[in-house]
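Trainee: I would like the atomic coordinates for the input below:
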Amino acid sequence: MARKSILNFFAVLLVLLPASTAFAQNDPEQLVVDVSRDALEILREYRPTYDDNPELLQNELLALLDPVIDFEAFSRGVMGNYRDQATDSQREQFRELFKATLVDLYTSALVATEIRDIQVRETNMRSDTSASVLVDVTAADGTSYEVSYSMRRDDAGTWKARNIIIDGVNVGLTYRNQFRSVMETENGDMERVIQIWPEVIDGA
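Mentor: So this is what the prediction gives:
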């Protein structure tokens with residue numbers, strides 16, 4: 001995906017993700033409806049100070065996203081089979097780095113993109129703990145997105161996003177392919193791949 005497409009994807013993702021574990025007992029579709037309001041309110045509050053102090057908005061978004069994105073499962077999927085080659089320390093390092101780079105992209109994308117309309121098309125409850133939510137999102141410039149969220153409820157009853165497909169592009173698989181490609185380019189040097197991962201994401 002081009003960088004612009006990735007940023008647009010992250011803007012959509014951020015607006016629709018659960019805002020807090022206060023919504024954890026609700027069904028996934030209601031989560032999507034409720035959280036769009038909360039996320040946009042955070043943007044309205046911190047956007048005026050973003051140019052001078054972007055960390056304020058970034059920190060708010062990190063606090064928003066951390067409880068509701070399964071970064072452990074997400075980063076594990078991105079590493080794929082290479083995870084077995086990593087030490088526990090490297091796995092933890094990559095997870096935290098992956099989280100930080102995603103939040104940075106979320107912030108930039110949300111500031112740059114204005115959402116005009118959000119409509120839930122359908123929700124598929126696969127089980128009591130697994131669901132997908134299909135959403136139609138329209139930006140202010142008229143661009144529309146079909147977004148499908150893969151959601152999982154953990155043992156504590158909290159729904160978390162584990163993957164997303166936007167306009168047919170599986171984001172988890174896209175990043176997994178990028179990780180594999182960089183591992184091959186860097187001759188399997190895990191430390192090097194972790195070190196340059198922010199550049200890989202930023203240049204995607």
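Trainee: Please make it C-alpha for all contacts and neighbour counts, starting now.
Mentor: Fine.
Trainee: residue ranges for the helices of this protein, please.
Mentor: Here the chain has its helices, by DSSP state H, at 3-16, 28-46, 54-65, 71-79, 88-112, 171-185, 190-202.
Trainee: looking at the ones you listed, which is closest to residue 146?
Mentor: helix 3-16 (9.9 Å; Cα to Cα).
Trainee: one step back: now the helices of the chain in TSV, with mean neighbour count?
Mentor: Below are the helices of the chain laid out as TSV (neighbours: other Cα atoms under 10 Å):
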stretch	mean neighbour count
helix 3-16	20
helix 28-46	17
helix 54-65	18
helix 71-79	19
helix 88-112	18
helix 171-185	16
helix 190-202	16
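Trainee: so can I have TSV of these showing distance to residue 152 and mean pLDDT?
Mentor: Below are the helices of the chain laid out as TSV (distance: least, Cα to Cα, whole Å; pLDDT from 0 to 100):
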stretch	distance to residue 152	mean pLDDT
helix 3-16	15	59
helix 28-46	9	73
helix 54-65	15	84
helix 71-79	11	91
helix 88-112	18	86
helix 171-185	15	92
helix 190-202	25	90
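Trainee: how about the ones you listed, which one is nearest residue 127?
Mentor: Nearest of those (Cα to Cα): helix 28-46, 11.9 Å.
Trainee: my read: residue 62 touches residue 103, true?
Mentor: Yes: look at residue 62 against residue 103 with Cα atoms under 8 Å: they come within range, at 6.2 Å.
Trainee: so which of the helices of the chain comes closest to residue 119?
Mentor: Closest among the helices of the chain, once you apply Cα to Cα, is helix 28-46, at 8.4 Å.
Trainee: Quick check: residue 161 vs residue 136, distance?
Mentor: Distance, residue 161 to residue 136, using Cα to Cα, to the nearest Å: 17 Å.
Trainee: More neighbours: which of the two?
Mentor: residue 161 (24 against 17; other Cα atoms under 10 Å).
Trainee: what's the pLDDT at that one?
Mentor: Here, the pLDDT recorded for residue 161 equals 81.
Trainee: Tell me the spacing between it and residue 193.
Mentor: Distance from residue 161 to residue 193, by Cα to Cα: 25 Å.
Trainee: Sweet, I'm off.
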